[in-house]
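Engineer: Need a 3D model of the sequence below.
(chains A and B)
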Amino acid sequence: MGVSYIPVARVGELSPGVMKEVDLGGRQVLLAFVEGHYFAFSRQCPHEEADLKEAGQFLGGGQIRCNNHSYCFDLKSGECSLPKGGAPLTVLPIEERGEEVCIRLEW
Amino acid sequence: MAYDLVIRGGRVVDGSGLPSYVADVGVKDGKVVEVGKLKDGAAKSIDASGLAVSPGFIDHHTHLDAQMLWDPYGTCEPQHGVTSVVMGNCGLSLAPVRQGIEDAIVKSFVRVEAIPRIALEQGVKWNWHSYGEYLDNFEGKVGINVGGLVGHIAVRHHAMGEEAVERKATGTEVQKMKGLVLDAMEGGALGMSTNRNDRHMREDGKPVSSRLADDDEFFALCDVLGERNAGVIETILGRNKVEHFEWYHALAKRTQRPILWQSLQHRWAEPNLWREQLEAVEPIFKAGYQAYGLTHTVPLVRHFTLKDCQIFDEFPTWKNLMFLPVEVRKQAFADADTRRKLQAEIDNLRLTNFHKRWDIPKVEKCFKSENQKYVGKTIAEMAAMRNQAPIDAFLDLALDENLETIFWNANNGGDWNAMGEILRSPYVLIGTSDAGAHVLFGADFGYGTILLGLWVRERQVMSLEQAIHKLTFHPASIFGLQGRGLLRPGYAADITIFDPKTVNAEEPVWANDFPANSKRMVQQAIGMHYTIVNGTVINDRGRMTGDLPGHVMRGPLYCQHKAAA
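Structural biologist: Numbering: from 1, shown residues only, chains lettered A, B, ... in the order given. The predicted structure follows:
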């Protein structure tokens, strides 16, 4: 068991609302700086697999909407907020470590 | 000539469910005229020896409302033996319409049924207002028979405009909607459909309009069918709850029309739900009413490797491992403590989509010769061969092959016994192809060929005769499709000729055959030799002939209305 911090950006590198593509272990993740916080989440919408790099739109309150079918997700928990009970978005925990923004993977 | 067409020497599976028999089938003027040992005298004959000859399949759950306007075959329906389709399900139809509400309907189709907007914008010309005028578009222009349900969403927008997605209807608006439903039924609709699924939204995030209807409104619209003793009522309420069955019962009792509800499927994560649903619906039938659950024949299969799979994302440690660099992930997979943690997460009683069972996922493809003996085995079987715990066998095999091993999994529809009971149930209507919808995400045109190949031939959950009945006369009876669904003299010569030894469906593949060359998924069939519609061959061993013999299947109120007029 262990923990791994994977640096994915430098602090201040991302403009608000911009999504950065990151390859993590062969899977596509998007990193974004929204309302003063960093978020990392799967690039693929869990509803019908739309590319959130294209179809994702940030809403207020730490939410992202997939414009393909208007499904909304909480960026922190991944919970599907609209419609309630939809499949959750895969989100990953972020930590700022010095000048680096890291994804924290614990196992 | 006595016949236009004779099909010789096939095994006739006539759609009734009765035992099949070898016979010739004579066709004249679009109808079956004789079945038995026929003399010569046909303009055309087909040798069907060794093949099954059945009524054409009836795909009653499609969203081909738009596609049939630009694709007269509803490709790939006839490739799978389908000769008749019913459109307008789940509350969605392209009529009735008036100026200004077209886009409200498009917004609903685009999101609920995932049909590309560009295809709808280029392929739908809106040269109709009433449902009957919409059906007129297909007269003489289709290769298969088409009928449809009038959708609550279009009816509500027609009566209320954009306020249909904002509020309850007034009494005056309900009366207006009742008039629209009656007009649609008299124009030929086969029934009505509604949609209360709280996950179904329009393109702009607003709920589809039928979700705003209360019971008073919907029951009042259904009274139009009940009072005239015509049509089916098709519903989608979202996730199944016990109170839904009370609702179906009340609706069936009030209207005495067949109710169709979605849906009944086997899911490993809720392995007894299907049985609870069947137990809940039985009292409705026992009381003398009809409320058929729709079910599907296609297991939801996923193929995965431990290089990039997502199926374990709902378990936190599994998820984190799957995002680690591959070399770190491999070290973690090899660690005994980590394995215990992974197994503990699977053992947790929390409800998940993943079934948490090692006797379901299979080894599909191995890359090392010494591992070939595991191909086709479940993880549990493979573990027993290796004398290991399943999680150890699973991870050790994957690690041995650098995580390249391909595994197979099905969260839904994988329990043979459950599927057998569901498919055989008299309270179930087989078929949720959704043809014409979700075109970028899948293609289930082959629900019938999969029923015959997978569930009849391979798993033997029912006889060929029972399966053909379920695909033909059963839906024809429920939807009131007069003169279709049986291979008997006097019935329409909608005929499917296939090889029961090989019939099946291919995996879906991409095509660019939608308007504006937009792409979608299509699915070809195996073992399907001929598809005949109203006596004319349209599918000759995989080649579409170009003929357009399809009819518009209009409901009984159309005939009464026309006679009265």
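
Engineer: show me the contacts for the residue nearest to B:Trp268 when sequence neighbours are not counted.
Structural biologist: Distance criterion Cβ to Cβ, 6 or more residues apart in numbering or on different chains; nearest residue to B:Trp268, sequence neighbours excluded, is B:His355 at 3.1 Å. C-betas here are computed from N, CA, C, even on glycine. By Cβ atoms under 8 Å, 6 or more residues apart in numbering or on different chains, the residues touching B:His355 are B:Trp268, B:Ala269, B:Pro271, B:Asn411.

Engineer: ok, so what distance separates B:His355 from B:Glu270?
Structural biologist: 10 Å (Cβ to Cβ, to the nearest Å).

Engineer: Can you give me the end-to-end span of stretch B:130-139?
Structural biologist: 15 Å (Cα to Cα, to the nearest Å).

Engineer: and if you look at stretch B:502-521?
Structural biologist: Using Cα to Cα, the two ends of stretch B:502-521 sit 23 Å apart.

Engineer: what about it, near chain A?
Structural biologist: No. Contact of stretch B:502-521 with chain A is not found when judged by Cβ under 8 Å from any Cβ of the partner chain; the minimum separation is 12.3 Å.

Engineer: again with stretch B:330-345
Structural biologist: Yes. Applying Cβ under 8 Å from any Cβ, one finds stretch B:330-345 touching chain A at B:Ala332, B:Asp335, B:Asp337, B:Thr338, B:Lys341.

Engineer: which SS state does the nearest residue to B:Arg228 once chain neighbours are set aside fall under?
Structural biologist: Counting by Cβ to Cβ, 6+ apart, B:Leu557 is the residue found nearest to B:Arg228 once chain neighbours are left out, at 5.9 Å. Assigned state for B:Leu557: helix (three-state reduction, DSSP: H, G, I helix; E, B strand; the rest coil).

Engineer: got the buried residues for the helix or strand of chain B with the lowest mean pLDDT?
Structural biologist: The helix or strand of chain B with the poorest confidence is strand B:300-304; it has a mean of 81 (mean pLDDT, DSSP states H and E). For strand B:300-304, a neighbour-count test (16 or more other Cβ atoms under 10 Å in any protein chain shown) marks B:Phe304 as buried.

Engineer: starting at the chain centroid, how far to the helix or strand just after it?
Structural biologist: The element immediately downstream of strand B:300-304 (helix or strand, assigned by DSSP states H and E) is helix B:316-322. Distance of helix B:316-322 from the chain centroid (Cα atoms, centre = their mean, to the nearest Å) equals 35 Å.

Engineer: Now do the next helix or strand along the chain from helix B:316-322: everything it contacts.
Structural biologist: Per DSSP H and E, helix B:316-322 leads on to helix B:326-334 as the next helix or strand towards the C-terminus. Contacts with helix B:326-334, where a contact means Cβ under 8 Å, 6+ apart, come from A:1-2, A:4, A:25-26, A:107, B:306-307, B:321-322, B:324, B:338-339, B:395, B:398-399, B:402-403.

Engineer: Which residues of chain A lie near chain B?
Structural biologist: Residues of chain A found near chain B (Cβ under 8 Å from any Cβ) are A:1-2, A:4, A:6, A:24-27, A:29, A:42, A:44, A:48-49, A:65, A:69-70, A:82-88, A:90, A:92, A:103, A:105-107.

Engineer: Now list the buried members of these.
Structural biologist: A:4, A:6, A:24-27, A:29, A:42, A:44, A:48, A:65, A:69-70, A:82-83, A:86-88, A:90, A:92, A:103, A:105, A:107.

Engineer: Those residues in strands, which ones?
Structural biologist: A:Ser4, A:Ile6, A:Leu24, A:Arg27, A:Val29, A:Ser42, A:Arg65, A:Leu82, A:Leu92, A:Ile103, A:Leu105 (DSSP state E).

Engineer: And the lengthiest strand in chain B, what does it pack against?
Structural biologist: Assignment by DSSP E gives strand B:3-12 as the longest strand of chain B. In terms of contacts (3 or more Cβ pairs under 8 Å, 6 or more residues apart in numbering or on different chains; DSSP states H and E), strand B:3-12 is packed against strand B:21-28, strand B:31-36, strand B:42-47, strand B:52-55, strand B:495-498.

Engineer: Chain A is nearest to which of those strands?
Structural biologist: Closest approach to chain A among the helices and strands packed on strand B:3-12 is made by strand B:495-498 (31.8 Å; Cβ to the nearest Cβ).

Engineer: partners of that closest one, with directions?
Structural biologist: Strand B:495-498 pairs in its sheet with strand B:52-55 (antiparallel), strand B:528-533 (antiparallel), by DSSP bridges.

Engineer: B:Glu186: which of those strands is closest?
Structural biologist: Nearest to B:Glu186, of all the strands paired with strand B:495-498, is strand B:528-533, at 25.9 Å by Cβ to Cβ.
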